[in-house]
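Trainee: Next come a sequence and a model predicted from it.
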Amino acid sequence: MTRYEALGNAIESAIRRSCEGKRVGIAFSGGMDSGLLAAVASKYAKSVTCYTCGTDDSFDVAAGRELAGILGLPWVQCRISEDNIEDTLREFILATKVSDPFTISYDLQLFTVCREADERVIISGQGSDEYFGGCAKSVEDDDDEYEAVTEWGVERLMKVSIPCEMSIASHFKKRLAYPYLDEEVVRQIGLLDPDELRPKNLDDRKAVLKTVVSDLGFPVLAHRTKKASQYGSNTTELIRSMARRSGVRYNRYISRIYESLDLRNANLLRDAAVDVRMDPILLHDADEMLEKLGKTHSEVLTAVYRRMVRDGNLDFIDGMNDDV
């Protein structure tokens, strides 16, 4: 028995359950994570098509085309360009009601895949980076900071990214499968020593998954390099370019599109609109609390502002200075 055999079996079983006997699409970057999904799915699915979002000259499009050829699987480019990016952003925002620029840049790739794919089932590699130590920014962190970044990544994934992607799937009448988030896969990961999962350097990221990939019979995938999807697809650079052309910053460009779609729920003839930016995880938790309390964001902010104006300070909010 190999060191990670139980984990490998769990991953293969999760992929098999998501695709057996079905026509499936793979959200395909051309990297190891999505490569393993496609390779294993091709053993069990009725058909497998790889879909890669990106500009014509993007890293992901080149990598996706190459790896699909190696695997002998059909491949489709979900093309984004200056000609269609703004319309795509509008459609994305209308479908998800998401205004957070990072979430949009990160999940726009899946949106284009779901829009392009003929298959009802789309298999995604979400969770691989968070659970297998794939985040480049945290490699040099100390132990406490690394643990905090890792926990934050999982929390953001489950509270922000996945709900957004569920809205995307609903919009296109698709069903998303996340083998790396499968309950047994996550349980098997939890049985490992955290030090095994933590990368020692940039090249050591996802070392456990690389071993699993080789053990499952796909060593050609184990050292496939990839970039974060928003950069590998050129999504972020494309939006930045459009923002510069409009004479505004990236975030403001996204905000303008959001506002143009009448999603603010504010009657500007009667009320003033306050543009509030906050951590999307905090917003998620606040939404849940407000729903329990039967209150709206407007009611809470109005109450806080009234008290602040009346008292001339924020002393009534315990720990306000610490939070800020």
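Mentor: Good, I have the coordinates.
Trainee: Mind checking what helix or strand follows whichever helix or strand Met166 is part of in sequence?
Mentor: Using DSSP states H and E, Met166 maps to helix 162-172. Next in sequence after helix 162-172, counting helices and strands by DSSP H and E, comes strand 175-177.
Trainee: okay, the helix holding Met166 in PDB with CA atoms only?
Mentor: In PDB, the C-alpha atoms belonging to helix 162-172 read as follows (Å, rounded to 0.1, in the frame of the first residue of the first chain):
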ATOM      1  CA  ILE A 162     -19.100  28.200  -4.000                       C
ATOM      2  CA  PRO A 163     -22.300  30.200  -3.500                       C
ATOM      3  CA  CYS A 164     -21.300  32.400  -6.500                       C
ATOM      4  CA  GLU A 165     -20.700  29.300  -8.600                       C
ATOM      5  CA  MET A 166     -24.000  27.700  -7.600                       C
ATOM      6  CA  SER A 167     -25.700  30.900  -9.000                       C
ATOM      7  CA  ILE A 168     -23.700  30.400 -12.200                       C
ATOM      8  CA  ALA A 169     -24.800  26.800 -12.500                       C
ATOM      9  CA  SER A 170     -28.400  27.700 -11.800                       C
ATOM     10  CA  HIS A 171     -28.300  30.400 -14.500                       C
ATOM     11  CA  PHE A 172     -27.100  27.900 -17.100                       C
END
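Trainee: So which other helices or strands are in contact with that helix?
Mentor: Counting contacts by 3 or more CB pairs under 8 Å, 6 or more residues apart in numbering; DSSP states H and E, helix 162-172 packs against helix 85-96, helix 101-116, strand 175-177. In short, each C-beta sits where N, CA and C put it, glycine included.
Trainee: was I right about Ser255 contacting Ser99?
Mentor: Yes: the criterion here is CB atoms under 8 Å, and Ser255 meets it with Ser99 at 6.9 Å.
Trainee: Can you pick out the residue with more neighbours from the two?
Mentor: When neighbours are counted by other CB atoms under 10 Å, Ser255 and Ser99 differ, and Ser99 comes out ahead with 20 against 16.
Trainee: Hmm, the more buried one is touching Arg256, no?
Mentor: No: between Ser99 and Arg256 there is no contact under CB under 8 Å: 10.8 Å.
Trainee: one step back: which of the helices and strands packed on helix 162-172 sits most buried?
Mentor: Mean neighbour count (mean count of other CB atoms under 10 Å) peaks for helix 101-116 among these, with a mean of 23.
Trainee: Give me the contact list for that one.
Mentor: With contact meaning CB atoms under 8 Å, 6 or more residues apart in numbering, helix 101-116 is reached by 25, 27, 29, 51, 53-54, 60, 76, 78, 80, 88-89, 91-93, 95-96, 98, 122, 124, 160-161, 164-165, 168-169, 171-172, 174, 228-230, 233, 235-236, 239, 250-251, 254, 280.
Trainee: What average pLDDT does it get?
Mentor: If you average the pLDDT over helix 101-116, you get 95.
Trainee: after that helix comes which helix or strand?
Mentor: strand 121-123.
Trainee: Contacts for the helix or strand just after that following strand, please.
Mentor: For strand 121-123, the following helix or strand on the C-terminal side (DSSP H and E) is helix 128-132. Outside helix 128-132, the residues that touch it by CB under 8 Å, 6+ apart are 33, 134-135, 150, 153-154, 157, 180, 186, 189, 197, 205-206, 208-209.
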